[in-house]
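Peer 1: Coordinates for the following, if possible.
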Amino acid sequence: MVPYLPPELTDHIIDYLHTDSRSLAACALTCRQWLPASRYHRFGHIMLQIHTCMKFAWLLEASPELARAVRSIKLHNLLYVVRAWNNVSLEFLGALTAVTELTLDNMRMAGGVHRAFLRTLPALRELTLRDCWFETLHDFAALLSSFQNLEYVSISLLIGLTYAVEPPLPSLPPGLHTIELAELVWDRIPALALLNWLKDIPNPRTILTLSCNVMWEVWPTEVLLDIFGSHLQHFEFVVKSEASLDSVLGKDGFSLSGLPCLRSFALRLYVATMCVRQNRDLLWIPKLLAQLRSPRLHQVTLSLHIDDMQDLSALASENAVRKLSRASYADLTALGWESICETVAREDFSSLQKFVIEGKGPTSFLEAYIEREYPDLHQRGVIAFA
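Peer 2: Numbers count the residues shown, from 1 in each chain. Sure, this is the predicted structure:
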């Protein structure tokens, strides 16, 4: 007699195979009892390109029940915003009623492609747009507003968005609470129109999490903080600039002081220079931290990416472009720790539970340095390494 295993146990075993497509396929063919768990992992996250869309549509047509297993879908284009998607049928999107996450990568969102996503994916909660092209700002706004259950949106390198006169823009979804703006080239899009649209959100207090990426201009971040800063709980500030931070962040009195409800703050700097005491860009780290004025702040994360002069591998490449990498913990002793220590010791930092430092290499050198030079900070026990 073949021993019987309860479904709870076989499902748990199949869970361990979630990254093994071949084993999941074998499990799906073993017996009906194993089929739901196998499909849950095999089809839970789908990535489609132009040549695989039709095959996936045929699969859904043959087995409509598969649509309930798809929870995350990514449409990816290898070539830069080509028009080839105009010849691809996306009608299968209407069957994906369980999808909660959508990523569009390198997509030209115009014509039939744009219309295919409107009024579909009713359960969508997270939307990520990378290198996507929209003909107008209205098309972009219409896409976001069509997902009424949307909670999170991430936008990077948005292009197109002509400066044509636009009809009134639809409102953002009412449940949206997280906006991530990464590497937007503000001088190539109708920035003021986009920011005014965000400003007209019915209830700005619903936006609790914001991520801003600065390359050349800091003023859009200032506008966003004026809109959402008074109630933001989580803020990530990323600076990726080839110019000096004085010329970028020193404009118009930029400040992080208007964030009274902040609970977590992440500062990520990418500077094409070395992590040495003579580097004036490093002075912005304690300066920005000192601007924070939130008695609720419980976590600060600091990440510094620099030009690693010891890594010569990039010199062998065709363009010899150095890649920025995390600073070593040993090099991070060059930061203005005296000013950082004074800031963390302030009364409005009394709720701080973690000061996370992201770096590479052994942590012992930096840990010993802080313990020796700033014993009060070390004894507080908030320093963590990641």
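Peer 1: for the record, mean pLDDT for stretch 9-19?
Peer 2: Model confidence over stretch 9-19 averages 73 on the pLDDT scale.
Peer 1: What residues of it count as buried?
Peer 2: For stretch 9-19, a neighbour-count test (16 or more other CB atoms under 10 Å) marks 10-11, 14, 17-18 as buried. To be clear about C-beta, it is placed using only N, CA and C from the backbone, and glycine gets the same treatment.
Peer 1: what's the closest of those residues to Tyr152?
Peer 2: Distances from the buried residues of stretch 9-19 to Tyr152 were compared by CB to CB; the smallest belongs to His18, at 22.7 Å.
Peer 1: Gly44: what's it in contact with?
Peer 2: Gly44 makes contact with 69-72 under the criterion CB atoms under 8 Å, 6 or more residues apart in numbering.
Peer 1: Same list, those residues, but as JSON lines with secondary structure please.
Peer 2: As requested, the contacts of Gly44 are arranged in JSON lines below (DSSP: H, G, I helix; E, B strand; the rest coil):
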{"residue": "Ala69", "secondary structure": "helix"}
{"residue": "Val70", "secondary structure": "coil"}
{"residue": "Arg71", "secondary structure": "coil"}
{"residue": "Ser72", "secondary structure": "strand"}
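Peer 1: Confidence-wise, which of these comes last?
Peer 2: Note: of these, the lowest pLDDT belongs to Ala69, at 89.
Peer 1: That one and Phe92: what is the separation?
Peer 2: Ala69 sits 14 Å away from Phe92, going by CB to CB, to the nearest Å.
Peer 1: same check, this time on Leu225
Peer 2: Taken as CB to CB, the span from Leu225 to Phe92 is 41 Å.
Peer 1: And for Leu198?
Peer 2: 32 Å.
Peer 1: what do you get for Cys261?
Peer 2: Noted for Cys261: a distance of 43 Å to Phe92, by CB to CB.
Peer 1: do the same with Arg280
Peer 2: According to CB to CB, Arg280 and Phe92 sit 54 Å apart.
Peer 1: Please say which of these two ends up with more neighbours.
Peer 2: The residue with more neighbours, out of Arg280 and Phe92 and counting by other CB atoms under 10 Å, is Phe92; that gives 21 against 10.
Peer 1: which residues touch the residue nearest to the more buried one when sequence neighbours are not counted?
Peer 2: By the measure of CB to CB, 6 or more residues apart in numbering, the closest residue to Phe92 outside its immediate chain neighbours is Ala57, 4.3 Å from it. With contact taken as CB under 8 Å, 6+ apart, Ala57 is in contact with 89, 91-92.
Peer 1: Same check on Glu358?
Peer 2: Residues near Glu358 by CB under 8 Å, 6+ apart: 301-304, 326, 385-386.
Peer 1: any idea which of the residues you listed has the most stuff around it?
Peer 2: Neighbour counts for those (other CB under 10 Å) peak at Leu304, which has 24 neighbours.
Peer 1: Hmm, it is touching Ala266, no?
Peer 2: No. No contact is recorded between Leu304 and Ala266 when judged using CB atoms under 8 Å, the distance being 12.0 Å.
Peer 1: all strands of the stretch 51-200 of the chain, in order?
Peer 2: In the stretch 51-200 of the chain, the strands defined using DSSP state E, counting those that start in this stretch lie at 72-76, 101-105, 108-109, 126-130, 133-136, 152-156, 159-162, 178-182.
Peer 1: still on that earlier bit, reformat the contacts of Ala57 as TSV; add distance to Leu256.
Peer 2: Output for the contacts of Ala57, formatted as TSV (distance: CB to CB, whole Å):
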residue	distance to Leu256
Ser89	48
Glu91	47
Phe92	45
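Peer 1: okay, how far is it across stretch 113-125, tip to tip?
Peer 2: From its first residue to its last, stretch 113-125 covers 20 Å (CA to CA, to the nearest Å).
Peer 1: Turn the contacts of Ala57 into a markdown table, including pLDDT and distance to Phe147.
Peer 2: Compiled in a markdown table, the contacts of Ala57 are given as follows (pLDDT from 0 to 100; distance: CB to CB, whole Å):
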| residue | pLDDT | distance to Phe147 |
| --- | --- | --- |
| Ser89 | 88 | 21 |
| Glu91 | 91 | 18 |
| Phe92 | 92 | 18 |
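Peer 1: residues contacting Lys360?
Peer 2: The neighbourhood of Lys360, defined by CB under 8 Å, 6+ apart, consists of 325-329.
Peer 1: Same question for Val239.
Peer 2: Val239 makes contact with 213-214, 245, 248-249, 268-270 under the criterion CB under 8 Å, 6+ apart.
Peer 1: Just the buried ones from these, in PyMOL syntax?
Peer 2: Burial among these is assessed by 16+ other CB under 10 Å; the matching PyMOL selection reads:
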select buried, resi 213+214+245+248+249+268+269+270
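Peer 1: how's this structure carved up into domains?
Peer 2: Taking automatic domain parsing as the domain assignment, the record places the domains of the chain at 45-207, 229-386.
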